[in-house]
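Asker: Take a look and give me a structure for this.
(2 chains)
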2 protein chains.
Amino acid sequence: MTKNLTKTIQNTIFQNNLLEKDSRIVLGVSGGPDSVCLLNILFNLQKKYSLELIIAHVNYGLRGKDSEQDERFVKTLAEKYGLEMAILKPKIKAKKNLENNLRDIRYIFFEKIRKNNNFDLIAVAHNLDDQVETFLMRLIRGSGLSGLAGMKYQNEKIIRPLLGTTRKEILEYLKKNKLNYRIDKTNAEDLFLRNKIRNKLIPYLKKEFNPNITETIFAETQSIGEDYDFIFSSAQKYNFSQFLSAKKILSFHPAIQKTILRQKIADLKSNLKNIEVSHIEEILKIIKSTKSKHQVVIFKELKITRKGDKVVIRKIK
Amino acid sequence: MTKNLTKTIQNTIFQNNLLEKDSRIVLGVSGGPDSVCLLNILFNLQKKYSLELIIAHVNYGLRGKDSEQDERFVKTLAEKYGLEMAILKPKIKAKKNLENNLRDIRYIFFEKIRKNNNFDLIAVAHNLDDQVETFLMRLIRGSGLSGLAGMKYQNEKIIRPLLGTTRKEILEYLKKNKLNYRIDKTNAEDLFLRNKIRNKLIPYLKKEFNPNITETIFAETQSIGEDYDFIFSSAQKYNFSQFLSAKKILSFHPAIQKTILRQKIADLKSNLKNIEVSHIEEILKIIKSTKSKHQVVIFKELKITRKGDKVVIRKIK
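Answerer: Next up is the predicted model:
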């Protein structure tokens, strides 16, 4: 099915309404196969759509010489395609949730480049296999709907034109068009589990259960994404800024109660890593409690206090 | 953790508010390990809760002598516990979706016994492993949220006190208490896939990825069940009796559009077997179409017609 990946992607763009004529797009390029492929394809479509493209690259400097070579490689690409390039070299402090921090750093940078240049969109190069691997990782570790919901083709300013494309199709395209790329060695934290899912679990499921397992699970992530979007937007109608009313929150459907709490925590901590169903239930227990006296619970850098009907969740250090 | 399964189940009953003092319960007993265990445990709790119990057994007659022996076995159980017993011997016509038909026959019979005796509840003996296996079967075949959502501890009149209990705990309990049971050989249609998931996939996931995989996935099915319940009840506000208004349905969130259509089809066909995402999308295509002329599409024993704003879905043979 790799007959002509540019045409396939053009179709994806059209069906999902990802960009318009004259769109101005910041293109996140790490130098890995996915982003090299996306860059090449968007360059192919540049004339047809009269796109304006700018490359954004983050050099985390975490892999010494390798990081420098990545940067040089992307610079060469930018020259080859005649595109402008923005580079960020952030100062990384050793932290627990490194991968999440790197992602935050990346997207904040992309958004800054977009705004500064008055551009419309940010294109990133996630593929179908990334999506399915992430789903299985989260399923195996335990996750609610928000975790099982896949990335979308478009999420506000961010577009993912390769999301429906398999890694195999991308590698075939690169080979056929003699495009070089760098091997990405980052994503350290999850790499072990992700590789095991990629190299062992998925081939096993393919062989023993369903030869189209990746496509099947991909469709499921898309459908779950739509369902989660409905629940999320229903929960957003409740404006939980300073404190929440115990009475009011208990008037909602349990699914909405949990979504509101997860969203509040995500706002405070900038992600939901290490927050499990049991933590949400712990907070709900406080909210449901009929004890009248002042209550305080602390876990995972969160402080939950309740006094009468008022429940406050704060972040502590 | 099988210290005392009766106590654990009593806890489950209390936490999920499954029954009250003086509850009158129809107990579905096949003679298999799960239902023998449930019968024994509810009998243990009978005095404490002053329960009234009646056994209901369906003899499908599909396995000749084995079916007769199952019936005799359950009769002996009823005598041993001093309980009344109702038996159904339905006439089965060879049909495609046999398993679904058997389930329908069973639940219709249980409900009839409940109503005739003016009883409160129907107890069935699904366990945690059933739930996780079903989830994985549906995930592998491809399913939306309604399929991935697990059975609930309580669904209207039906209660499942063993739902949080593993097959291992049940078998240990039976052994410890020297309780005999029959080996269930039915569920022919799904048996191959289910057995493969039970005997190969789950042990593989346990060994290679997460020793608590069944508990993890079980928690996910419960959480997804809650989320699906919210979407389902949101969709139910739209009363789609004779026809649906294309304009009105398109005013809803896509998650709700699909849930309304799936629910309509489930009502018509009595289940959603063989109805895939692509079929729902086919119907949505007709609903979204701006062609003004009369449109008719037929698939999976469904006839969808559209004329102007009016869309009708009917079952055909």
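Asker: Give me the angle between the longest helix seen in chain A and helix B:213-236.
Answerer: The helix that spans the most residues within chain A, counting by DSSP state H, is helix A:213-236. Orientation check (axes from the mean of the first three to the mean of the last three Cα atoms, to 10 degrees): helix A:213-236 against helix B:213-236 gives 60 degrees.
Asker: so for stretch A:118-128, what's the average pLDDT?
Answerer: Averaged over stretch A:118-128, pLDDT sits at 97.
Asker: quick check, that stretch touching chain B?
Answerer: No. Stretch A:118-128 does not reach chain B (Cβ under 8 Å from any Cβ of the partner chain); its nearest approach is 14.6 Å. In short, each C-beta sits where N, CA and C put it, glycine included.
Asker: what's stretch A:104-113 in contact with?
Answerer: Residues from elsewhere that reach stretch A:104-113, judged by Cβ atoms under 8 Å, 6 or more residues apart in numbering or on different chains: A:26, A:28, A:54, A:56, A:58, A:60, A:86, A:88, A:90, A:92, A:119, A:122, A:124, A:157-158, A:270-271.
Asker: no, scratch that, I was asking about stretch A:224-231
Answerer: Against stretch A:224-231 from outside (Cβ under 8 Å, 6+ apart): A:145-146, A:148-152, A:255-256, A:259, B:144-145, B:148, B:227-228, B:230-231, B:234, B:253-256, B:258.
Asker: So which of the contacts of stretch A:104-113 sit within strands?
Answerer: Per DSSP state E, strands hold the following members of the contacts of stretch A:104-113: A:26, A:28, A:54, A:56, A:58, A:86, A:88, A:122, A:158.
Asker: ok, so of the residues you listed, who is nearest B:Glu215?
Answerer: A:Ile158 (35.0 Å; Cβ to Cβ).
Asker: Check which element follows the lowest-mean-pLDDT helix or strand in chain A along the chain.
Answerer: Every helix and strand of chain A was ranked by mean pLDDT, DSSP states H and E. The lowest is helix A:188-196, at a mean of 76. For helix A:188-196, the succeeding helix or strand toward the C-terminus, using DSSP states H and E, is helix A:202-208.
Asker: coming back round to it: would you indicate which residues of the longest helix of chain A are buried?
Answerer: Neighbour-count burial for helix A:213-236, counted by 16 or more other Cβ atoms under 10 Å in any protein chain shown, picks out A:213-214, A:216-232, A:234-235.
Asker: same deal with stretch A:248-257?
Answerer: Quick answer for stretch A:248-257 (16+ other Cβ under 10 Å): A:249, A:252-253, A:255-257.
Asker: Contacts for that stretch next, please.
Answerer: Against stretch A:248-257 from outside (Cβ under 8 Å, 6+ apart): A:231, A:234-235, A:238, A:260, A:284, A:287-288, A:311, B:226-227, B:229-230, B:233.
Asker: Kindly check the end-to-end length of that stretch for me.
Answerer: Taking Cα to Cα, to the nearest Å as the measure, stretch A:248-257 stretches 10 Å from start to finish.
Asker: got any ranges where the stretch 1-150 of chain A has weak pLDDT?
Answerer: Judged against pLDDT under 70, the low-scoring parts of the stretch 1-150 of chain A cover residues A:1-3, A:93-100.
Asker: And for the closest residue to chain B within it, the neighbour number?
Answerer: Chain B sits closest to A:Gly142 of the stretch 1-150 of chain A, with a gap of 4.3 Å, by Cβ to the nearest Cβ. Other residues near A:Gly142 number 20, with proximity taken as other Cβ atoms under 10 Å in any protein chain shown.
Asker: before we move on, back to that, flag whichever of the contacts of stretch A:248-257 scores worst on pLDDT.
Answerer: A:Tyr238 (79).
Asker: Which secondary structure state is assigned to that residue?
Answerer: coil (DSSP: H, G, I helix; E, B strand; the rest coil).
Asker: Now for it: which residues touch it?
Answerer: Contacts of A:Tyr238 (Cβ under 8 Å, 6+ apart): A:248-249, A:252, A:256, A:260.
Asker: same check, this time on A:Glu215
Answerer: A:Leu128.
Asker: and what of A:Leu51?
Answerer: A:19, A:22-25, A:42, A:45.
Asker: if we go to 10 Å?
Answerer: With contact set as Cβ atoms under 10 Å, 6 or more residues apart in numbering or on different chains, A:Leu51 has these partners: A:19-25, A:27, A:42-43, A:45, A:120-121, A:123.
Asker: ok, A:Asp34 - how many residues close by?
Answerer: Around A:Asp34 there are 24 residues (other Cβ under 10 Å).
Asker: Please apply the same query to A:Val277.
Answerer: Neighbours of A:Val277 (other Cβ under 10 Å): 16.
Asker: just checking, it touches B:Thr221?
Answerer: No. Under the criterion of Cβ atoms under 10 Å, A:Val277 is not in contact with B:Thr221, lying 11.9 Å apart.
Asker: need the next SSE after the longest helix of chain A, C-terminal direction.
Answerer: Immediately after helix A:213-236, counting by DSSP H and E, sits strand A:244-245.
Asker: quick one: that next one to chain centroid distance?
Answerer: 30 Å (Cα atoms, centre = their mean, to the nearest Å).
Asker: what does stretch A:238-254 give?
Answerer: 28 Å.
Asker: Stretch A:177-186 now?
Answerer: 21 Å.
Asker: Same check on stretch A:253-265?
Answerer: On Cα atoms, centre = their mean, the centre of stretch A:253-265 falls 20 Å from the chain's centre.
Asker: OK, contacts around the residue nearest the centre of chain A?
Answerer: Among the residues of chain A, the one closest to the centroid is A:Met151, at 6.0 Å (Cα atoms, centre = their mean). A:Met151 makes contact with A:124, A:126, A:130-131, A:134, A:158, A:160, A:163, A:221-222, A:225 under the criterion Cβ under 10 Å, 6+ apart.
Asker: quick one, what contacts the nearest residue to A:Asn118 once chain neighbours are set aside?
Answerer: Nearest non-adjacent residue to A:Asn118, counting by Cβ to Cβ, 6 or more residues apart in numbering or on different chains: A:Arg24, 7.3 Å away. By Cβ under 10 Å, 6+ apart, the residues touching A:Arg24 are A:51-54, A:114, A:117-121.
Asker: Going through those, which ones are buried?
Answerer: A:51-54, A:114, A:119-121.
Asker: now, the most widely separated pair of these?
Answerer: Within the buried ones among the contacts of A:Arg24 (distances taken as Cβ to Cβ), the two that end up farthest apart are A:Leu51 and A:Arg114, at 14.0 Å.
Asker: Can you check which residues contact both of the two?
Answerer: A:24-25, A:120-121.
Asker: quick revisit: state the pair within the contacts of A:Tyr238 that is farthest apart.
Answerer: A:Lys248 and A:Ile256 (11.1 Å).
Asker: what number of residues lie near A:Gln69?
Answerer: With other Cβ under 10 Å as criterion, A:Gln69 counts 13.
Asker: That concludes my questions; thank you for your assistance.
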